[in-house]
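1. sequence first, predicted model second:
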Amino acid sequence: MSELPARRLLLVHAHPDDESINNGATMARYAAEGALVTLVTCTLGEEGEVIPADLAHLAADKDDVLGPYRSGELAAAMAELGVTDHRQLGAPGRYRDSGMMGAPQNDRPDAFWQADLDTAAGDLVAVVREVRPQVLVTYDPDGGYGHPDHIQAHRVAMRAADLAADPAFRPELGAPHAIEKIYWNCNPRSVVEEGFERLRAAGLSFPGVADVDDVPGVVPDAEVTTSIPAAPEYSAAKAAAMRAHVTQISVDGPFFALSNDLGQPLISGEHYRLVRGTSGAKDGEREDDLFAGVRTQDGSDAVAEQPEAAR
Ligand SMILES: CC(=O)N[C@H]1[C@@H](O[C@@H]2[C@H](O)[C@H](O)[C@@H](O)[C@H](O)[C@H]2O)O[C@H](CO)[C@@H](O)[C@@H]1O
Ligand SMILES: [Zn+2]
């Protein structure tokens, strides 16, 4: 039986770039600390816009090869974070980027937005039962900002967490596994507002400036249960990972812009809402560690159960 690292974190994201924007510093920290960090990305981002003019030909309405290109960007970003386990949900290209809400691409039969929930969740159960994470990170029910692939990634992740623990669900995928803690990405409003004050004071040259409410997952500070501090080495790795997503993100010091050219701040720290499991912090205090209070981070469960067929 293979030996798993004592601490194991699974992140589920919609497109290449979301992981670096939302969790780059968190992923770099835990990878550096020896935890197993597993990223599952649900699409290849085939319908994205393209920032560099010399790469415009990659776009879906031209050569339609942006997906494979962004897969390469993702690999480069993971190298910056020290993350070695990154996978596509099901298989590369199985679920296609659905485009923004209301776009005609939403209705493509291969769009992730059209995927059968239990089929897609089954693809994720296979990963959950293999890597047996104690902690899962994904989006809130609105996907942070209402993108169909983000909403679907939330639904698939939460459904898979339930199915993976059910011994009656597809036993060929491995022994049941219950994830101890589940978090949703979020951004505390006060931190976002402070970031935009920094941006306006810096007088940077982005063509435009985003608004606080353009930032995904902004919530009242009181709803934030967990804040991973912005250690300089991990913040630098995050910025480098974001820069690796050349077609999607422009980074300028502590600020960045997506293809909409609207400048926004790199948020200080990375913040989460614990939605399943028990906080490891004292009552009323925020956690500063996703594994706080996890019962099995001593490695007591670090031997992976193999699927029946593999025995
Ligand atoms: C961060 C994120 O989820 N990006 C998605 C998003 O891209 C945005 C979209 O192209 C929008 O039209 C632009 O104004 C915005 O700047 C982009 O960030 O949607 C894309 C299509 O589904 C997706 O590929 C991209 O990863
Ligand atoms: Zn996305």
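-> Received, thanks. Ligands and ions are numbered 1, 2, ... in the order given.

2. ligand 1 contacts on the stretch 101-250 of the chain?
-> Residues of the stretch 101-250 of the chain lying close to ligand 1 by CB under 6 Å from any ligand atom are 147, 248. Any C-beta I mention is one placed from the backbone N, CA and C, and that applies to glycine too.

3. helices along the stretch 101-250 of the chain, start to end?
-> 117-131, 148-164, 189-202, 232-244 (DSSP state H, counting those that start in this stretch).

4. looking at these, which is closest to residue 171?
-> helix 117-131 (9.6 Å; CB to CB).

5. the closest one - what's its average pLDDT?
-> For helix 117-131, the mean per-residue pLDDT is 98.

6. okay, angle between it and helix 148-164 too, please.
-> 60 degrees (axes from the mean of the first three to the mean of the last three CA atoms, to 10 degrees).

7. what's helix 117-131 packed up against?
-> Applying 3 or more CB pairs under 8 Å, 6 or more residues apart in numbering; DSSP states H and E, one finds that helix 117-131 contacts strand 8-13, strand 36-41, helix 148-164.

8. and among these, the most buried is which?
-> strand 8-13 (a mean of 26; mean count of other CB atoms under 10 Å).

9. and that strand with ligand 2, contact?
-> No. Using CB under 5 Å from the ion, no contact is recorded between strand 8-13 and ligand 2, whose separation bottoms out at 6.9 Å.

10. tabulate the helices of the stretch 101-250 of the chain (TSV), appending distance to ligand 2.
-> Below are these laid out as TSV (distance: least, CB to the ion, whole Å):
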stretch	distance to ligand 2
helix 117-131	16
helix 148-164	6
helix 189-202	18
helix 232-244	13
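
11. on that earlier part again, could the helices and strands packed on helix 117-131 go into TSV alongside distance to residue 220 and mean pLDDT?
-> Formatted as TSV, those follow (distance: least, CB to CB, whole Å; pLDDT from 0 to 100):
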stretch	distance to residue 220	mean pLDDT
strand 8-13	24	99
strand 36-41	29	98
helix 148-164	20	98
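
12. is the residue in the chain positioned nearest to ligand 2 in a helix, a strand, or coil?
-> Closest approach between the chain and ligand 2, counting by CB to the ion: residue 15, at 3.7 Å. Secondary structure, DSSP: H, G, I helix; E, B strand; the rest coil: residue 15 is coil.

13. please identify the deepest-packed of the helices of the stretch 101-250 of the chain.
-> helix 148-164 (a mean of 24).

14. that one: how far from the chain's middle?
-> 12 Å (CA atoms, centre = their mean, to the nearest Å).

15. follow-up on the earlier one: residues contacting the residue of the chain closest to ligand 2?
-> 41-45, 48, 70, 97, 149 (CB atoms under 8 Å, 6 or more residues apart in numbering).

16. any of the residues you listed buried? List them.
-> Taking 16 or more other CB atoms under 10 Å as the criterion, what is buried in these is 41-45, 48, 70, 97, 149.

17. most widely separated two among those residues?
-> With CB to CB as the measure, no two of those lie farther apart than 42 and 48, at 13.8 Å.
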